[in-house]
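1. Kindly generate the corresponding structure for this input.
(chains A and B)
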Amino acid sequence: MSNASLDAIAAKSGQPFPGAPNNWQRFFSFSTDHKVIGIQYIVTAFVFFLIGGLLAMVMRGELITPEADLVDRTVYNALFTMHGTIMLFMWTFPVLNGLANYLVPLQIGARDMAFPRLNAAAFWLVPVFGTLLMVSFFIPGGPSQSGWWAYPPVSLQNPTGNLINGQVLWLIAVALSGVSSIMGAVNFVTTIFRMRAPGMGWFRMPAFCWTVLSAQMIQLFGLPALTAGAVMLLLDLTAGTSFFDPAKGGDPVLYQHFFWFYSHPAVYVIILPVFGFFSEIFPVYARKPLFGYKFVVVSSVVITVLSAMVWVHHMFASGTPSWMRMLFMFSTMLISVPTGVKVFAWVATVWGGKLRLDTPMLFALGGLVCFLFAGITGVMLGAVPFDIHVNNTYFVVGHFHYVIYGAAVMGVYAAIYHWFPKMTGHMYYEGLGKLHFVLTFIGVNLNFFPMHPLGLMGMPRRVASYDPEFAYWNVIASLGGFLLGVSTLPFILNMISSWILGKRAPANPWNAIGLEWMIPSPPPVENFEEIPIVVSAPYGYGSDEPLVANNPAGELINEHS
Amino acid sequence: MTTPTTSREPRSLSFRTVAQLIALAIADAAVSLWVGRQAYLWMPPQASAEALLVDDLFGFLTTIGSFIFIGVSAALLYSVLFQRADKYDTSDGPPVEGNLLVEILWTTIPLGLVIWIATYSYQIYDQMAILGPMEHMNHVPSLGLMPAAEAATLPAVPEKTPIEVHARQWAWEFYYPDQNITSTELHLPVNERARLVLTSEDVLHGFYVPAFRVKQDIIPGSSIDFGFTPIREGRYRLRDSDYSGTYFAANQGTVVVESAEAYQQWLADAAARPLTEASNRAFREFTKASDRPISPGWKTVEPASPPRVNFASAEEDSYE
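-> As a prediction, the model looks like this:
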């Protein structure tokens, strides 16, 4: 395709500003193209991933010895608060929104999201509240030091006495993040409901789109609760109200309900799209259809429904009545059933296939093993008597990081390698990718496995110093943490150099089945020359059934093949 | 779900395959049982009646968890090692889309497993009967090891005056109302149900003794009734388990479990002592200038003055 014809397509596109750039500068513009916005989200998220990771490495440096001897205690408390906040609100949500933004319209055969300008506005809030969070490092008193849960009354203590303090900036940033995510959720749900290509019934939709739909539904019911809690806390902190301040008759446990009503389901907002990546990637690299496709997609919806009933398991030790402990113990464990359905389906998909161990497959397999481990410790945490022992200890930190780094970050890596040729039009370097996988997999297990014995022994989370009996496992965890830091280097090198110098990617380098693989890499503006007409279910590996009745790339495909 | 027939797909399991699967399951179960037994070694000493119960539950969960983890990851590993496509083989694998029977089985078996685990956890919880938070203010469960129904038929245990536990930023202080003693070390008689009332002066704290496997958040503005039964003499660590601000990590204490005689002796000794200032790590660190390499001098909530108590434990004393 010549540059002239690309420019002609760009001129027809829905850009709000005629003549918006069609080169690298478009990534710095208010573009309404879902693919540009997707990449904007992903790159922004990675910048914050590196910042959050550096904070974590300082923490692991502090914890390599029992004494609090590297950083001041206030600094340590700010480090874990900001690490958690950045990694959740500035890394996982944005990077997953970015991938969903890029992939959903392509996978359902749409030309863009339902509300392109809303989409761009939702993205541009991310750098705004990200900057707000970063600014708090430079104000008197420093950033919030109350943990990413911001439990009152600690979060209501304001030793500087200033109205503008780290906690206030934190609350405003979190509220803005909620607004951005709600804007995104409305857009995703509408897009998936209204803009599927002709013939794409619900059970012809790729599993990834099902998981995005399920995850974004959680955002719609959960985020208002979190945002309400944040606003009430902000009022307590600045305007002298007393929703949560026990000194004035408020109830600090009420905040915990508001907070966890969203923040536990938020874990599923993160992990569901990752399940989607697994469901997309295993069939391609095992050359088999997704085993039990309908069970797999329906289980996502079941997880969404059950996720509304688990929040109290974070509060088993918070003075929660026994009946509530038992009820939420059961509902928490119940989630392992639909989750287990997925895990077994992936294993059955891989089993008996013709496996190709390219980097995306390696990351997906590694992520699945980590998730399996995390799922098992998750059921343990659901059991109230055991949870009472390890609640708020490093056991929980270990479990959580196996979910978030082991499964989610590895799943994101798998997705980025898998769709990198589609996004950039270039192939990545396989050797660097495999090196990246090996370092990551070893790093994850060295870093996060030791946290489980530490928690069983009784080491509380969020401590800057600890008793000497915990030193052994902490040293191993710290070495793993530094290794994880190192593991990002081949990734960054790979992404930058392959984007510039990598081999040109064909439309379908993996020989995969899916609408996004039928159009050129990278896809043109507005994606499809002709809207595809879907005539069969996804993942038809091994069968000769066509996916579509027409050629969605129109005439363009001929120039590429 | 349509499953196109291909010659590569076996239609039914042969006797040989079933026998192999059963043998593998038995091997997996044997290893898992062994791992489940090791689980007891990963825990701190079993210093309370509750610890015995929790460790049994953890051993059970570890056994089941190991069985699943080993089974699933072994299947994946086998695929990765032996089911790779040849270098130039671009053909597809068998187009198996699903199998209704298998899918129903792997939905109902985990469901049954979850019900089993939840029921067992509930029984353990019921036997512990320790964690009567606020709605159980006057509920004094009897011997921790006894099922609730059985315990209910026994004569009520004589009412004991609870020991008051005061948490603050950042010190633990224990008050024995009958003897009018304050201490920074919690002394408890062995094999006798401890009764505590937990209060906080400022923020959330958590009462956590890993060797007892018990934990309870302390919520400012509430008095929380709490109980457990220490069964092993020794010195144990008390930790603040709920993040409480700057000196959270330093907010630790010691619990001493001793024989009834030694306990009475200690009460008598402590009552005879005058009030002295306890050493307090948070206060000490706060008053001495910071000498960390990275210290921006951010303001912090000031620690309360060290508590004045009849009995002050040395913070550096050993514990198990």
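
2. all contacts plus neighbour counts: C-alpha atoms, from now on.
-> Fine.

3. Without its sequence neighbours, what residue ends up closest to residue B:62?
-> Nearest residue to residue B:62 in three dimensions, chain neighbours excluded: residue B:36, at 5.1 Å (C-alpha to C-alpha, 6 or more residues apart in numbering or on different chains).

4. Helices along the stretch 51-200 of chain B, start to end?
-> For the stretch 51-200 of chain B, the helices defined by DSSP state H, counting those that start in this stretch cover B:100-128, B:148-152.

5. lowest-confidence stretch among the ones you listed?
-> Note on the helices of the stretch 51-200 of chain B: helix B:148-152 shows the lowest mean pLDDT, a mean of 45.

6. and the stretch 1-150 of chain A, which residues reach chain B?
-> Residues of the stretch 1-150 of chain A lying near chain B by C-alpha under 8 Å from any C-alpha of the partner chain: A:69-75, A:77, A:140-142, A:145-147.

7. Of those, keep whichever come out buried.
-> Neighbour-count burial (16 or more other C-alpha atoms under 10 Å in any protein chain shown) applied to those gives A:69-75, A:77, A:140-142, A:145-147.

8. so can I have a markdown table of the residues of the stretch 1-150 of chain A next to chain B showing secondary structure, pLDDT and distance to residue A:248?
-> Listed next are the residues of the stretch 1-150 of chain A next to chain B as a markdown table, based on DSSP: H, G, I helix; E, B strand; the rest coil; pLDDT from 0 to 100; distance: C-alpha to C-alpha, whole Å:
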| residue | secondary structure | pLDDT | distance to residue A:248 |
| --- | --- | --- | --- |
| A:69 | coil | 86 | 37 |
| A:70 | coil | 88 | 38 |
| A:71 | strand | 90 | 34 |
| A:72 | coil | 90 | 32 |
| A:73 | helix | 92 | 29 |
| A:74 | helix | 92 | 26 |
| A:75 | helix | 93 | 29 |
| A:77 | helix | 95 | 26 |
| A:140 | coil | 89 | 27 |
| A:141 | coil | 89 | 25 |
| A:142 | coil | 92 | 26 |
| A:145 | coil | 95 | 22 |
| A:146 | coil | 94 | 20 |
| A:147 | coil | 93 | 23 |
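
9. show me where pLDDT drops low in the stretch 101-250 of chain B?
-> By pLDDT under 70, the low-scoring segments of the stretch 101-250 of chain B are B:130-159.

10. Can you report phi and psi for residue 239?
-> Let's take chain A. Backbone torsions of residue A:239, given as degrees, to the nearest 10, read phi -110, psi 0.

11. not quite, I wanted chain B
-> Backbone torsions of residue B:239, given as degrees, to the nearest 10, read phi -120, psi 150.

12. ok, it - contacts?
-> Residue B:239 sits next to A:460, B:206-209, B:251-253 when contact means C-alpha atoms under 8 Å, 6 or more residues apart in numbering or on different chains.

13. And residue A:525, what's its pLDDT?
-> 87.

14. Contacts made by stretch A:170-190 with the rest, please.
-> Against stretch A:170-190 from outside (C-alpha under 8 Å, 6+ apart): A:89, A:97, A:113-115, A:118-119, A:121-123, A:125-126, A:129-130, A:132-133, A:136, A:143-144, A:212-213, A:216-217, A:219-220, A:223-224, A:226-227, A:230-231, A:233-234.

15. Now that residue A:264 has come up, it's in contact with residue A:306, right?
-> No - in this structure, residue A:264 is not within contact of residue A:306 by C-alpha atoms under 8 Å, at 11.2 Å.

16. Show me which of the two is the more surrounded one.
-> Higher neighbour count among residue A:264 and residue A:306: residue A:264, with 19 against 15, using other C-alpha atoms under 10 Å in any protein chain shown.

17. Distance of that one relative to chain B?
-> Computed as C-alpha to the nearest C-alpha, to the nearest Å, the residue A:264 to chain B distance reads 18 Å.

18. residues touching residue B:183, list them.
-> Going by C-alpha under 8 Å, 6+ apart, residue B:183 touches B:173-175, B:309-313.

19. that's a helix at residue B:35, yeah?
-> Yes - with DSSP: H, G, I helix; E, B strand; the rest coil as the criterion, residue B:35 is part of a helix.

20. ok, it - contacts?
-> B:62-63, B:66.

21. residues near residue 225, how many?
-> Here I'm looking at chain A. Residue A:225 is flanked by 20 other residues according to other C-alpha under 10 Å.

22. that's the wrong chain, I wanted chain B
-> Neighbours of residue B:225 (other C-alpha under 10 Å): 26.

23. Who are the contact partners of residue B:231?
-> Contact partners of residue B:231, counting by C-alpha under 8 Å, 6+ apart, are B:47-49, B:190-192.

24. ok so, going back, got JSON lines for the contacts of residue B:239, with distance to residue A:152 and secondary structure too?
-> Below are those laid out as JSON lines (distance: C-alpha to C-alpha, whole Å; DSSP: H, G, I helix; E, B strand; the rest coil):
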{"residue": "A:460", "distance to residue A:152": "19", "secondary structure": "strand"}
{"residue": "B:206", "distance to residue A:152": "14", "secondary structure": "strand"}
{"residue": "B:207", "distance to residue A:152": "18", "secondary structure": "strand"}
{"residue": "B:208", "distance to residue A:152": "20", "secondary structure": "strand"}
{"residue": "B:209", "distance to residue A:152": "24", "secondary structure": "strand"}
{"residue": "B:251", "distance to residue A:152": "18", "secondary structure": "coil"}
{"residue": "B:252", "distance to residue A:152": "21", "secondary structure": "strand"}
{"residue": "B:253", "distance to residue A:152": "24", "secondary structure": "strand"}
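
25. quick one: which of those is nearest to residue B:179?
-> Nearest to residue B:179, judged by C-alpha to C-alpha, of those is residue B:253 at 20.9 Å.

26. measure that closest one to chain A for me?
-> For residue B:253 relative to chain A (C-alpha to the nearest C-alpha), the value is 12 Å.

27. quick one: secondary structure of the nearest residue to that residue once chain neighbours are set aside?
-> Leaving aside its chain neighbours, residue B:253 sits nearest to residue B:238 (4.7 Å; criterion: C-alpha to C-alpha, 6+ apart). What three-state DSSP gives for residue B:238 is strand.

28. Residue A:50 too?
-> Assigned state for residue A:50: helix (three-state reduction, three-state DSSP).

29. For it, the count of nearby residues, please.
-> By the criterion of other C-alpha under 10 Å, residue A:50 has 16 neighbours.

30. Figure out the helix or strand that residue A:191 lives in.
-> Assessed by DSSP states H and E, residue A:191 sits inside helix A:166-194.

31. Could I get the contacting residues of residue 277?
-> Let's take chain A. Contacts of residue A:277 by C-alpha under 8 Å, 6+ apart are A:208, A:364, A:411-412, A:414-415.

32. not what I meant, chain B
-> By C-alpha under 8 Å, 6+ apart, residue B:277 lies in contact with B:306-309, B:312.

33. No more questions from me, cheers.
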